[in-house]
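[1] No sequence on hand, only this structure:
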């Protein structure tokens, strides 16, 4: 049918989030890509399960695969200037860049969310953001899609990290099931980082923490902070800042 509609012209098939295709659709895309008069352009997100037919597109050299790395600070400042129609001060660009983790879509949504408030202002032609994050519906929907549905056990892992990061891996494994920690890491929700002699766990994206902390009920927030304080006291306060962290968690709980 596609070839009939093309009537000898080239077929260009564009697919956003190709990892979301079901198996029959992925097989159709693979078939179209192999046609002499067809070009396929698609996007994939890191950390997602990719249909075999889509993965075969680049493993079989049918298409070229380009890895997009996070935007550099200069690129972030340039994109911000394009979105807002003027330059942004260095501090604001740096904070927005760190919050978006170099992701252009998230950066755009952050700016649009801030633009609807008094937190983003223009003075003498320079845009400045005060740093107060506005959780607009588009932004929260985008983060919700990335986080996805969580089982209670995996949610417990992510929430503990959200309130305690950086959190020692050994400490986290004592509070929750190790298998649930592995699932959270596999799904790209948390990341494990080696720091000196301690293995720390952080959320995979700064915005995950913003969303989770603001949505967590007050009663659960206090319980989580008390749990974190008890965990750290149980294993022993080995670093100079551990005592301060326990005190803050105790006060907040």
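    In hand now; what should we look at? Everything numeric here is computed off the predicted structure, so don't read it as measured data.
[2] okay, CA-based contacts and neighbour counts for the rest of this
    Fine.
[3] List phi and psi for the closest residue in space to residue 41 that isn't next to it in sequence.
    Leaving aside its sequence neighbours, residue 41 sits nearest to residue 14 (C-alpha to C-alpha, 6 or more residues apart in numbering; 4.8 Å). Per-residue torsions, residue 14: phi -110, psi 130 (degrees, to the nearest 10).
[4] now do residue 200
    With angles defined as degrees, to the nearest 10, residue 200 sits at phi -100, psi 160.
[5] list the contacts for it?
    166, 167, 168, 169, 192, 193, 194 (C-alpha atoms under 8 Å, 6 or more residues apart in numbering).
[6] any idea how far residue 169 is from it?
    Using C-alpha to C-alpha, to the nearest Å, one gets 5 Å for the distance from residue 200 to residue 169.
[7] Now do the shared contacts for those two.
    Residues touching both residue 200 and residue 169 comprise residue 192, with contact defined as C-alpha under 8 Å, 6+ apart.
[8] For residue 40, which non-adjacent residue is closest in space?
    If the residues on either side of it in the chain are set aside, residue 40 comes closest to residue 13, at 4.8 Å by C-alpha to C-alpha, 6+ apart.
[9] Give me the neighbour count for the one you found.
    Using other C-alpha atoms under 10 Å, residue 13 is surrounded by 13 other residues.
[10] My guess is it contacts residue 41. True?
    Yes. Between residue 13 and residue 41 a contact is recorded at 6.2 Å, counting by C-alpha atoms under 8 Å.
[11] So what does the residue nearest to residue 40 have for phi and psi?
    Torsion angles, degrees, to the nearest 10, at residue 13: phi -110, psi 120.
[12] those strands in the chain, which residues are they?
    11-15, 38-42, 120-123, 126-129, 167-168, 190-195, 198-203 (DSSP state E).
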